[in-house]
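*Asks:* model this:
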Amino acid sequence: MNRVTDGAGLRERGKAKRRAAITRAAFELFAEQGFDATTVAEIAAAAEVSPRTVTLYFRSKQDIAFAAFDSSVEALTEALRSRAPGLPAVHALERWLRQELSCHDDLEELGVRMFEANPELRAVKTARMAAVIEEGALILAEDTGQRPGSLGPRLAAVAAAAVVTEIVEHPEGADRNDAITLAMSFLKGGVDAMTASEAAARDTGE
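*Replies:* The predicted structure is shown next:
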């Protein structure tokens, strides 16, 4: 039984290693020579795998370009949706952000370089961020007792998305923790004010 478990574990680690190698190679090539100019064959050669292996792990070049972004969005959504009862969404966001940045590697910088070098990828990222903001607005509406689609939660979600983007793209250093603290204080203050305003409006209505 242990051999079976160990074997499965080795296979999964092997898959994760190949996936990471493909992602890193693609990010480097996209940043250096452009997304459109890079072929799957070049990515495969740089990652030391076959082109078929690349297509087994990713359906398209765009899927590779957004692998890290999609993974982060999925992890953040899960962190917000599965947070402990009573824990405000903004606090869960801060906890996730600090944990995400504590696992820092150079793939983060490669991703920033890749998007900076490819306007077409930035445009797709902007469109995908709109979907993330919609999900965040729903979560914040639930959190603050407001109606889905209300302006307040949407504004807070837009601000949260901007904060995460700026922090992630901020150069690593001693001041990044200070930047997180400052940004989250700003967000928490806004959400607290919005919640208080909603509560006051309900009281007035009564």
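
*Asks:* other SSEs contacting the helix or strand hosting Ala16?
*Replies:* Using DSSP states H and E, Ala16 sits in helix 2-33. Secondary-structure packing of helix 2-33 (3 or more CB pairs under 8 Å, 6 or more residues apart in numbering; DSSP states H and E): helix 40-47, helix 51-57, helix 61-65, helix 67-81, helix 107-117. (Each C-beta comes from the backbone N, C-alpha and C, glycine too.)

*Asks:* what's near enough to touch Asp36?
*Replies:* Glu120 (CB atoms under 8 Å, 6 or more residues apart in numbering).

*Asks:* And the residue nearest the centre of the protein?
*Replies:* Nearest to the mean C-alpha position of the chain, by CA atoms, centre = their mean, lies Ser72 at 3.2 Å.

*Asks:* related to what we said a few turns ago, quick one: mean pLDDT for the helix holding Ala16?
*Replies:* Helix 2-33 carries an average pLDDT of 85.

*Asks:* can you pull the buried residues of that helix?
*Replies:* Along helix 2-33, these residues count as buried under the neighbour rule (16 or more other CB atoms under 10 Å): 18-19, 21-31.

*Asks:* Sticking with Lys188, tell me its helix or strand.
*Replies:* helix 174-205.

*Asks:* What mean pLDDT does that helix get?
*Replies:* 78.

*Asks:* before we move on, what about stretch 149-162?
*Replies:* 90.

*Asks:* Buried residues, that stretch. List them.
*Replies:* Under the neighbour-count criterion of 16+ other CB under 10 Å, stretch 149-162 has 150, 152-154, 156-157, 159-161 buried.

*Asks:* Looking at those, which is nearest Ser50?
*Replies:* Ala161 (37.6 Å; CB to CB).

*Asks:* ok so, going back, will you turn the buried residues of helix 2-33 into CSV that also has distance to Leu76?
*Replies:* As requested, the buried residues of helix 2-33 are exported to CSV (distance: CB to CB, whole Å):
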residue, distance to Leu76
Arg18, 25
Arg19, 20
Ala21, 25
Ile22, 23
Thr23, 19
Arg24, 22
Ala25, 26
Ala26, 23
Phe27, 20
Glu28, 25
Leu29, 27
Phe30, 23
Ala31, 24
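
*Asks:* what about the residue nearest to the centre of the chain, distance to Leu101?
*Replies:* 11 Å (CB to CB, to the nearest Å).

*Asks:* What of Phe186?
*Replies:* Phe186 is 18 Å from Leu101, by CB to CB.

*Asks:* The two: which is more packed in?
*Replies:* Neighbours were counted for Phe186 and for Leu101 using other CB atoms under 10 Å; Leu101 has more, 16 against 12.
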